[in-house]
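>>> Got a predicted structure plus its sequence, pasted below:
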Amino acid sequence: MKLTSAGHHCRWTGRILILFCSLLLMKLQLNAQEPNSIISGKVSLGTGITNLSGTSVQMKGANTFVITDSAGSFRMAVSPNAILVFSHVGYKSLEVKLYKQKVVNVTLEPSDNSLEQVVVVGYGKQRQRSITGAISKVNAAELQDIPAAEIGQKLYGKATGLQLNQVSGRPGQGITFRLRGAASLSGSNAPLFVVDGQPVGDINLINPDEIESFTVLKDAAATALYGSRASNGVIIVTTKTANAGRTTVGFSAYQGWQKVPQRGRPDMMNAREFATFMKAMIEDKLKYKDYDLTKKPPSVFPEYINPEEYGKGTDWYDEVLRTAPMQNLSLNVSSGAEKSSANITATYFKQDGVMLNTGMERFSFRANTEFRPLDRLKFGLNIAPTYQRNHNITDGTTDGNRQIISLASMASPLVPVRDVNGNYNVKASTGGMLAMPNPVQQLMEMDINQRTFRTLGNAYADLEVIDGLRARTTLSADIGNQETTVFRPSTWAAFGSTPPNNNISYANFSQNYISWLSEQQLSYNFKLRKHSFDVMGGYSYQYYKKSYRSLSASSLPTDLIKLANVPGSIISGGDNRTEWALISWLGRVNYEFDGKYFVGFNIRRDGSSRLSKEKRWGLFPSLSAGWVISDENFFPKNKAVNFLKLRASYGEQGANGTSNDYPYLSTASVVPYTFDGNKVSYGVALTQLGNQDLSWEGTRQLDIGVDANLLNNRLTFSYDYFLKFTDGMLYNIALPFYTGYTSVTINVGKFKIWGHEFGLTSRNLTGPLSWNTGFNLTLVDNKVLDLYNKVPLGGTNRHGDYNRTEVGRRIGELYGYVFEGVYTQEEINNPKVAKVKNESAVGTAKMKDVDGSGFIDGNDRTFLGNPNARVIFGLTNDFRYRNWDLTIVASGQAGNSIMNNNKQNTQNIDGVFNVEKRLANFWRSPEHPGSGDVPRTSKSNSTELFRVANSTWVSRGDYLTIRNITLGYTFTNTHFRYFKSARLYGAVNQAFVFTGYKGQNPEVNDYRESSTQIGTDNGSYPIPRTFLIGVNVQF
């Protein structure tokens, strides 16, 4: 089946490549017919401006245009007596009529009027002035100087409302995106990504070198045309295209070195400290008779008798880490003529992980082509295959809870990595500890590989039937295959056991998917005196199919063969497939009067196969309006306020995103059963109950905003207030065992999100030394208004379930006991002081009696903190001096708390793990009470309260991170004759982190997209600081 699937994928890829080659041949034919009237020239932007790229030179009334290079030069084919229009962001447009000139040199004057910029929005483009929705645009000039391994690194600190968190440092792991807070309990909370008009799922496979610009759509007016997929917002990604009349070749490369900084590393005991701690713990257990002396006494642990004989021992955390290289090589060829254009980018990226034997590499290719055989007709093909390989992709050990980086913190510092013969010590624990395998050996000898091949394809035709009336048809495909192999040798062991492992195992998991999208649009733009109209209607059909296959083998006889079909092995397997479809009708009407009054209406009707026939259609309208009040006669004309626009919008969105593509149907699974209690048989039984009444999650959103240009256009300011209500949230509810079902998906409740967004850009200095600043601030909060039967979600205090969602509070708040120190003898003697029944004693952990019952139990758990960031901000400073450039990007968040679940291990005072240094000062007797905040180790049952979720695990998650510092110097062709420009630079990513959080990463969120389990740290892959040197060359 695997070969059949791969062959199917290859056939489709081959067909796309054949079509691509055919279009290239057509391009050559068209080029042969193009006119030979060529002009060239240079555009200047004023004194001190050395980077002159980005000026658009367009032949008026035609599709022909080029973009100047970094030297300001351009070359293009033109018609006789053409009129050229020169335009650049922040400068006045200039028209030049040609009279047989071959060279045209111009200088543009500063304007600061960016309101006429054309911005890519949903299913079209609009002038900045006429936009009535809440959007943020990040253009090429803001992206080009920042080296990035992932797309999210390009967007740090750039857009209001956008929260980006690097939750893990694992190569290829990706950055989490959240726009204006969480919008769903069970579905993804990531925004929809649209790449060149094509909705895509995993954005992390997109090569950052291919990106031209981003447009972030936030309110209902901006996102309504994407309907049920837009409740979390939309990020439109535009990739690079070629410009007519110009051929360029660009090459870029950088080399980097990654290292985990010291800040945030756990402060664990060294060998001498740990041996001292263990000796004292054992002495106390003997003293207080916590050991059963009729059994083998603890004095058999000779390694703890003389702690002074040890030094620092093994720092396991340091042993699993390394300084890791990374590199990126990218080649871009762009060629354009009057009738056709092509932009090709090929990139190789490799990143070794800072943890041993981890890493990834990616090969990516993109070709964007467009052909214009007639003045009113254009068609194009974009194709982007990507291959990515990840090595040792998993963080966890087989108990499913602890990560290998956590295992390194818990291992005994008394054990060296290797023995005297140079072989691995298979055991990383000493007397009295839980059995632990060697974490270095686990990393080096485990073999887990994931290979992903993905192809994005997009073909379109665009015809202007008459002036203003345009028809467009698009066919897109997203085709992917992913294979994961997991080999665990005899030297591998789960937490709680040590090698050799007699159960050598191999597993192979594969999945294939294909997503087809067909869309047709008809749009009409026309003007009647002072009235302007933009009308669009469209149809969309998307079909998605996915298949899964798994093959596992255990009890393999040897480590030498990494295959399943080996004699003597026990083989099992399975497969599954799923599919869904979405049919949509959409429309837009934008009305403008006199350039200062704007009204927009958008609507989309979606039909989803994921819901029953009675519930599958949803209608999602929006209405918006804008008023340029500064253009009114009564508005004072002054330099303080140059432009002022008021806007408002209201609309509805939806979502049906669950992990199950058939939640309205009851589904069956193969389950084991027995009649005699011994022999196990298998049969088919219904396990998930279907819900025919399941309906869309509905989101209603209000947005009120202001846009302004101030102080002679030196400042650009924006403000938005937003309020979102989500009804009928989808959630998978567990069912009682006696029902025969495990779960059912229902519409469970309602919550709201509200907030404020502030954006400010300023031109602080101009001239030879220029300095531009961008700042954004978002304040956001949420509240649960209703839940199914008012029953809270989560908070069981089992491992990983330390969040609780309750009516009247925020989503996923941290939940546990409040630690109040240790009991004194006076408190033990006082009956009014609450205690754990039959367990509390002097020196044991004291928790707050929250419910006032007079004793401590599970009812005393309470809310310990809010894991949802209430403040999100970004700051960018860009300095230019002649050929030098310096960019500093910072971002951060505040108002949230983090639950460090690693405390379950690092402050476990039972003597089964290595622990934090501060625990050395534990309570030993009334005369030696220690620090007063570390309980005694000699009352085993009572120590449990100190290692379940409590307030000592929780700390503030506020942080400010200097994301990127880049310093560059650009050489022009006046320095070297063989290229147009070359830029050398050095950069630091994750340069500095300022935070009060004591863990490794204040951005951590081990449950990623889940809104009900947010803000938990289980010991994720460390985030490195990266030093880079690179070069960008234009030929």
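Cool, got the structure.
>>> Under the pLDDT cut-off, which ranges of the stretch 51-200 of the chain? List them.
For the stretch 51-200 of the chain, the stretches with pLDDT under 70 are 51, 61-64, 70, 89-90, 110-116, 187.
>>> Do a quick rundown of the helices in it.
All helices of the stretch 51-200 of the chain, identified by DSSP state H, counting those that start in this stretch, fall at 140-143, 151-155.
>>> May I see those arranged in CSV, with mean neighbour count and distance to N868 as well?
The C-beta positions use only the backbone N, C-alpha and C, and glycine is treated the same way. Compiled in CSV, the helices of the stretch 51-200 of the chain are given as follows (neighbours: other Cβ atoms under 10 Å; distance: least, Cβ to Cβ, whole Å):
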stretch, mean neighbour count, distance to N868
helix 140-143, 17, 28
helix 151-155, 22, 19
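>>> Same list, the ones you listed, but as a markdown table with distance to E839 please.
What follows is these, written out as a markdown table (distance: least, Cβ to Cβ, whole Å):
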| stretch | distance to E839 |
| --- | --- |
| helix 140-143 | 60 |
| helix 151-155 | 48 |
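>>> Tell me which of the ones you listed lies nearest to L646.
helix 140-143 (26.5 Å; Cβ to Cβ).
>>> okay, which residue is most central for this protein?
Taking Cα atoms, centre = their mean as the criterion, T176 is the residue nearest the geometric centre of the chain, at 2.2 Å.
>>> Does it have any beta-bridge partners, and if so which?
When bridges are taken as DSSP bridges, the partners of T176 come out as N165.
>>> Let's see stretch 65-81 as CSV, backbone CA atoms only.
Backbone C-alpha positions of stretch 65-81 (Å, rounded to 0.1, in the frame of the first residue of the first chain) are rendered in CSV as follows:
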residue,chain,number,x,y,z
PHE,A,65,6.2,47.0,-14.3
VAL,A,66,9.6,46.4,-12.7
ILE,A,67,11.1,47.0,-9.2
THR,A,68,14.4,48.8,-8.8
ASP,A,69,17.4,47.0,-7.4
SER,A,70,19.4,48.1,-4.3
ALA,A,71,21.3,50.6,-6.5
GLY,A,72,18.1,52.2,-7.8
SER,A,73,18.6,50.9,-11.3
PHE,A,74,15.9,49.5,-13.6
ARG,A,75,15.6,48.2,-17.1
MET,A,76,12.3,47.4,-18.9
ALA,A,77,10.6,46.9,-22.3
VAL,A,78,8.1,49.7,-23.2
SER,A,79,5.8,50.8,-25.9
PRO,A,80,6.5,53.9,-27.9
ASN,A,81,5.4,57.2,-26.2
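>>> Tell me which residues of it come out buried.
65-74, 76-78 (16 or more other Cβ atoms under 10 Å).
>>> same deal with stretch 565-575?
Residues of stretch 565-575 classed as buried by neighbour count (16+ other Cβ under 10 Å): V566, S569.
>>> Report the mean per-residue pLDDT for that stretch.
The predicted model assigns stretch 565-575 a mean pLDDT of 83.
>>> Report the separation between the two terminal residues of it.
17 Å (Cα to Cα, to the nearest Å).
>>> what sits up against it?
1, 506, 547-558, 564 (Cβ atoms under 8 Å, 6 or more residues apart in numbering).
>>> who's in contact with the residue lying closest to L407 once chain neighbours are set aside?
Among residues not flanking L407 along the chain, P439 sits closest, at 4.7 Å (Cβ to Cβ, 6 or more residues apart in numbering). Contact analysis of P439 by Cβ under 8 Å, 6+ apart lists W316, E319, V320, I404, L407, A408, A411, A428.
>>> correct me, but the residue nearest to the centre of the chain touches N165?
Yes: with contact defined as Cβ atoms under 8 Å, T176 counts as touching N165 (4.9 Å).
>>> between these two, what contacts are shared?
N1005.
>>> Okay, and which of the contacts of stretch 565-575 map to strands?
Y506, S547, Y548, R549, S550, L551, S552, A553, S554, S555, L556 (DSSP state E).
>>> Check the residues you listed for burial and list the buried ones.
Among those, the ones that count as buried (16+ other Cβ under 10 Å) are Y506, S547, R549, L551, S552, A553, L556.
>>> What is the lowest-pLDDT residue among these?
If you rank those by pLDDT, L556 sits at the bottom with 86.
>>> Could you count how many residues lie near the residue nearest to that residue when sequence neighbours are not counted?
In this structure, L556 finds its nearest non-sequential neighbour in I504, 4.0 Å apart by Cβ to Cβ, 6+ apart. By the measure other Cβ atoms under 10 Å, the count of residues near I504 is 24.
>>> Over to D375?
Neighbours of D375 (other Cβ under 10 Å): 11.
>>> how much space is there between it and K339?
10 Å (Cβ to Cβ, to the nearest Å).
>>> Helices of the stretch 701-850 of the chain, start to end?
825-829.
>>> Could I get the full set of strands for it?
715-727, 730-734, 743-747, 750-765, 769-786, 793-794, 803-805, 813-816, 819-822, 845-847 (DSSP state E, counting those that start in this stretch).
>>> Output the below-cut-off pLDDT ranges for the stretch 851-1000 of the chain.
939-943, 974-976.
>>> one more time with 80
Low-confidence segments of the stretch 851-1000 of the chain, defined by pLDDT under 80: 938-945, 973-979.
>>> quick one, strands of it?
Along the stretch 851-1000 of the chain, the stretches classed as strands by DSSP E, counting those that start in this stretch are 862-865, 871-881, 884-894, 897-900, 954-956, 959-972, 981-995.
>>> same thing with the stretch 451-600 of the chain?
So, for the stretch 451-600 of the chain - with DSSP E, counting those that start in this stretch - the strands run 469-488, 504-528, 531-556, 570-593, 597-608.
>>> After the shortest one, which helix or strand is next?
Scanning forward in sequence from strand 597-608 by DSSP states H and E, the next helix or strand is strand 617-628.
>>> what's the angle from that next one to strand 597-608?
170 degrees (axes from the mean of the first three to the mean of the last three Cα atoms, to 10 degrees).
>>> what's the offset of strand 617-628 from the middle of its chain?
How far strand 617-628 lies from its chain's middle: 28 Å, per Cα atoms, centre = their mean, to the nearest Å.
>>> pLDDT averaged over that strand - what is it?
On average, strand 617-628 scores 96.
>>> What residues sit buried inside that strand?
So, applying 16+ other Cβ under 10 Å, buried residues of strand 617-628: G618, F620, P621, S622, L623, S624, A625, G626, W627, V628.
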